[in-house]
Each structure stands twice: as structure tokens, then as C-alpha cells.
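S.K.: What follows is a predicted structure for the sequence shown.
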Amino acid sequence: MPNLSRLQRQAVSSFEQGHLDKAERLCAAILEYRADDFDALHLLGFIRLQRGRHIDAISILTKAVKADAGSVDAMSNLGLALHGAGRFEEAITHYRLALALAPRHPEIRYNLGNAHLALDCIDEALANYDVALANNPSHVGARVNRGNTLLRFNRPAEALASYDQALAVMPGHPQILTNRGHALRRLDRPHEALADLEAALTKASEFPETHFELALAHLTLGDFKAGWKAYEWRWKTGAFANKRRSFRQPLWLGDVPLAAKTILLHAEQGLGDTIQFIRYARLLADRGARVICEVQPELVSLLSQLEGQFESVTIIAKGEVLPQFDLHCPLLSLPLAFGTELSTIPAEIPYLAAPAARLAHWRDRLPAGNRRAGFVWSGSSAHKNDANRSIPLARLAPFLESLPFACVSLQREMCASDRDTLQRLPNLSDFGPELVDFTDTAAVISLLDVVISVDTSVAHLAGAMGKPVVILLPHAADFRWLRALADTPWYPTAKLLRQPAFGDWDSVIGRLACELPSYVGGGSGR
């Protein structure tokens, strides 16, 4: 039998020198002779954990914990492996077992907070970060993730304070500066955000998230030249990397003549984004290109009308077999490809309309009367910023109860609390279950005087149809709505009502009460 103690020392030495393959072989050699050797199991499991082989790590570290249930490190590392495998509840169990052995261990408490954050349990995450910081006030990770938690749950001012505390410990750290820049954007302070982001790039010039945040700040401020260029960094960020399409055909960014070429435009983000940027298809057709637009299945019927307007445009659903094409471009790269500035936004409307058959179907379905307004108060709950952009129906209820005309809900998705409120609003007719696709929504919009919507796809649809639309925006609105403006160059018939302060929907609703009478009663053109 070999000298197992010597092999163990060699394994540890190899690990410390970064020779992980050798350390693994040495651990395996020990385990051939002593299958329950705790030190070899723990080291081997930890190496697998470091290499991202979480399933292997779980199996090995489970054996290590069985060999020594009193090891804080083994129990904690098993929690990390479970966490890495997405088994967050089990990770929480093992972090707690580790804390039972070492109650004041800040790193384990920090990891426990991270597991709760992964489950969207904000109170538990914050509580654990606070305990970690009480035990180690210099724990930068806990301060940063505390900020990240607050930011995710729509508390950017508090997040900013956490990032400031983290920067006091690690001045100039590019990731913290980037996170702080994001918080500043959410607080509608884009100029300050730019300063943080540019400082971050002096430390880490190739950090994708910083460039992407920089793009959003520039676009918010109307600096399209810098903004659209930096926006291409999105494909290298964690949020977009797995959405990038890989084609053998070249990416087109305006550098190749399009005459007699076939170009594929492909949707990359939300339904509203597709409706907004599909307008570029006609510009490509005008340049002599044959244009294939691959869009979300929900939009195919609506957007197929573009085929009638331009013989060279074809609409297909994402997931269908692609026809032959020469070039491709993601929809949100088209403003860069066309060198779009504020003054050159292609804003000829309408470029979408309701199909005649759908219009006929809905003409007699809506409430009788000559004055009608359509409402959308919330977006998809899956949207990462939905808590910021949506309004609980209960908050709108007093306003809706007092309106002297017919109100129509254009909501297709509704939470339980909103549905309960809806039952108490007889003036608000709900046709959501009957809106099969966007052609139905377009038909209903055509029969209204005005659409009132938060920042959702319906707002884009009404704008694309040239229908009067009032868009209710949070304090720090999405970049496409710029800042301070009461209108938008993207949709000439839209009016923007913005929160004057973070979370202040009451002021927006009050202004809407003053604005709405000027829209309703002038005739809807139906």
C-alpha cells in the first residue's frame, strides 16, 4: 500500500499550485485504498465544484459529509454544489446545517442569502446579508448582493447606498461601479450613471455589462450615435449571450449594398420591441432587398399585412424552417445599421392596421356608445422590470369609476387581485379572454377613441396604428422613451405621462384625469 499521508500532502500541494488534474489523480489514488477518506473526498469534491462539475461535486461531497458530519467546510461546500446545480432549497438546508456548526461564519451566511435571492425571497436574502455584515462589516460581496437584491425588487435608492458602502471598502471596483451606474439609471440620473460607467471602463475596458449599461444611458439621453454602437455589447452579457443567433451568413450593419440580396430580420426581445422595430423592413425593401422577418408566433397574423404592402417582405414565425438568405440582422441592431438619429427616426404611421375581417367581428362586440377608451395597466409578470412599469388595478379603480364613457380592458394577462378589482368595476368591460392574438387587439383598438397603456406591447401597437395613445411611464422610463419629453419621435400620436418621482403613480393618474377628456368624444374614426 502506498503512503497515503504522503499522497495527501502531494494532493494538497498540487491543488495549491493550481495543478488540479494532478491533485484529482492523487485524490483518486487515495480513494482506491480508502474509499471513505474524508480529506481526499473533500478535496476532490471541492476541485469538481471549482470546475463547475456540480453533479460530480454533490456526489463526492455527500460522501465527505458522511465521513465527517462535523466538518463546516464540507457541509458548506456541499451547499455550494447544490446551489450551483440549481437545487436551492437543498442548498439552504446544508448552509443552515453548516451554520449550526459555525453560527457566526459570514461567508456561509452570505451564501445562504444568495440562495434565498435565487428563490426571490427578498426578506430572507436581506436578513442573511445583514447578519453576514454584522459578523464581517468588510464583506464586499454581501454589500454588493444586498444592493442587487434591493435593485431587483425595485428599491434603487437603497441599493445605491449599499453600493456606496461597498465602494468604500473597494474603491474603483468596476463591477460595483457598473451596478451603481445601473441603480443611478433606475433613479433617472443617467448623467451620473455615465460617470460611474466610464470610470469602470478605465479599470476593465472589455467588461460587457459596463458597455451595455453605458449604451442604455446614452440612448436615454438621446445620444444615438454612441448608444446604438455600445448596444451591440448586449450579445456578450449574461442576459443576452444565450439569445444570440449563429448563422453562416454575415451580419448586416449597413456596410453592404442590399440590392438583389435577401436579408433575414429576426426578433430578439419582447413583442413590443418587434412591433416598434419592424418598421425598418420597409426601409430595407426600399433599398431593393428581399426581406424575411422572423417574428414571435403571436405576431405573425398581425405583421403579415406587411406582405401586402411590400411584395418583397415575407413574415414567418420563429421556429419555422428558414428560407435561403444572404445576410441577417437582429431587429434592435437596425437603428445602428441605418445610422438612426433622433431626427431620422422612421416614424411614418400607420404602418400596421386591423384586418377587415377582425374589425367586422368586433364592431358589434364593444359597449354601445360613441365614446370608448381602452386600458392596459400591467404588462407580463415575467418582465424583469414589471413591478416598476405596472399599476395595480386597485390604484386605478377610483379614476375608472368616475369616467362618463365606456372603458374597455385590453389586458390578456391579469393577476388574481386585479381580477377581483375588475368585478367591482362595471364600467370596465373585459374582453381579454376573447383576444386570441394581436389582430383582435388591433381591431378593438381601431374602434376606440384612445388607448391608455403602461409600457407594454399594446402601447406600441396603438402607436404603430396611428391611434391616439397615452403611455403611462415610471420615473426612470425605458431608454426608448428618452427623458422629460411629453411625446416621442417613435410614435407621433403618443403622449407620455411620466412619474415625477419614483413610484408616484398618483400624480400620473391625476394628470390622466385632466388629459383624457380631450381625447374622448372627438370621434374615433370607426
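M.R.: Cool, the structure landed.
S.K.: Would you state the strands of the stretch 351-500 of the chain in chain order?
M.R.: Along the stretch 351-500 of the chain, the stretches classed as strands by DSSP state E, counting those that start in this stretch are 372-376, 406-409, 428-430, 450-454, 469-473, 494-498.
S.K.: okay, the ones you listed, which one's buried deepest?
M.R.: strand 450-454 (a mean of 26; mean count of other CB atoms under 10 Å). Placement of C-beta: from N, CA and C, glycine included.
S.K.: List the contacts of that one.
M.R.: Identification of contacts with strand 450-454 by CB atoms under 8 Å, 6 or more residues apart in numbering yields 373-379, 389-391, 410, 445, 458-459, 462, 467-473, 512, 516, 519-520.
S.K.: follow-up on the earlier one: output the strands of the stretch 351-500 of the chain as JSON lines; include the columns distance to Val12.
M.R.: Below are those laid out as JSON lines (distance: least, CB to CB, whole Å):
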{"stretch": "strand 372-376", "distance to Val12": "62"}
{"stretch": "strand 406-409", "distance to Val12": "66"}
{"stretch": "strand 428-430", "distance to Val12": "67"}
{"stretch": "strand 450-454", "distance to Val12": "58"}
{"stretch": "strand 469-473", "distance to Val12": "58"}
{"stretch": "strand 494-498", "distance to Val12": "60"}
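S.K.: Can I get these in CSV including mean pLDDT and distance to Ala285?
M.R.: Shown next, in CSV, are these (pLDDT from 0 to 100; distance: least, CB to CB, whole Å):
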stretch, mean pLDDT, distance to Ala285
strand 372-376, 95, 31
strand 406-409, 92, 35
strand 428-430, 92, 39
strand 450-454, 97, 28
strand 469-473, 97, 26
strand 494-498, 97, 25
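S.K.: Tell me which stretches of the stretch 251-400 of the chain form helices.
M.R.: Here the stretch 251-400 of the chain has its helices, by DSSP state H, counting those that start in this stretch, at 271-277, 280-286, 300-303, 305-309, 334-337, 356-363, 386-389, 393-401.
S.K.: Which of those comes out lowest on mean pLDDT?
M.R.: Ranked by mean pLDDT, those bottom out at helix 386-389, with a mean of 78.
S.K.: How far off centre is that helix?
M.R.: Relative to its chain's centre, helix 386-389 lies at 11 Å (CA atoms, centre = their mean, to the nearest Å).
S.K.: go on, stretch 62-73?
M.R.: The answer for stretch 62-73 is 39 Å, by CA atoms, centre = their mean.
S.K.: just stretch 243-252 next, same as before
M.R.: Stretch 243-252 sits 22 Å away from the centroid of its parent chain (CA atoms, centre = their mean).
S.K.: Offset the numbering so it begins at 27, please.
M.R.: I'll keep to 27 as the first residue from here, and by that count the last item is stretch 269-278.
S.K.: who touches it?
M.R.: Outside stretch 269-278, the residues that touch it by CB under 8 Å, 6+ apart are 261, 282, 284, 289-290, 292, 294, 351-356, 359, 363.
S.K.: Show me which positions of that stretch end up buried.
M.R.: By 16 or more other CB atoms under 10 Å, the buried positions in stretch 269-278 come out as Trp278.
S.K.: Quick one: end-to-end length of that stretch, please.
M.R.: This stretch, stretch 269-278, spans 18 Å end to end (CA to CA, to the nearest Å).
S.K.: again, but for stretch 263-281
M.R.: 25 Å.
S.K.: same deal with stretch 478-498?
M.R.: 7 Å.
S.K.: and it, how far from the chain's centre?
M.R.: 20 Å.
S.K.: got it, and stretch 90-106?
M.R.: For stretch 90-106, the distance to the chain centre is 36 Å (CA atoms, centre = their mean).
S.K.: Any idea how many residues pack against Val462?
M.R.: Using other CB atoms under 10 Å, Val462 has 12 other residues around it.
S.K.: returning to what we had before: to Leu177, which of the strands of the stretch 377-526 of the chain lies closest?
M.R.: The stretch from these with the least distance to Leu177 (CB to CB) is strand 495-499; that distance is 19.0 Å.
S.K.: before we move on, the earlier item: looking at the helices of the stretch 277-426 of the chain, which is closest to Asn171?
M.R.: Asn171 lies closest to helix 412-415 among these, at 18.9 Å (CB to CB).
S.K.: quick one, what contacts Gly529?
M.R.: Applying CB under 8 Å, 6+ apart to Gly529 gives the contacts Asn180, His501.
S.K.: Please, which helix or strand holds it?
M.R.: Assigned by DSSP states H and E, Gly529 belongs to no helix or strand.
S.K.: What subset of the contacts of stretch 269-278 is buried?
M.R.: 261, 284, 289-290, 292, 294, 351-356, 359, 363.
S.K.: Flag the helix or strand of this protein with the lowest per-element mean pLDDT.
M.R.: helix 412-415 (a mean of 78; mean pLDDT, DSSP states H and E).
S.K.: ok so, going back, so which of the strands of the stretch 377-526 of the chain gets nearest Glu239?
M.R.: Closest approach to Glu239 among the strands of the stretch 377-526 of the chain (CB to CB): strand 495-499, 19.9 Å.
S.K.: related to what we said a few turns ago, reformat the helices of the stretch 277-426 of the chain into CSV and put distance to Ala158 next to each item.
M.R.: Below are the helices of the stretch 277-426 of the chain laid out as CSV (distance: least, CB to CB, whole Å):
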stretch, distance to Ala158
helix 297-303, 39
helix 306-312, 49
helix 326-329, 50
helix 331-335, 55
helix 360-363, 43
helix 382-389, 57
helix 412-415, 26
helix 419-427, 36
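S.K.: Looks like Ala399 contacts Leu429 (just checking).
M.R.: Yes. Ala399 lies in contact with Leu429 (CB atoms under 8 Å); the separation is 7.3 Å.
S.K.: what do the two both touch?
M.R.: Leu542.
S.K.: Give me the residue ranges of the stretch 27-176 of the chain where confidence is low.
M.R.: Residue ranges of the stretch 27-176 of the chain with pLDDT under 70: 27, 30.
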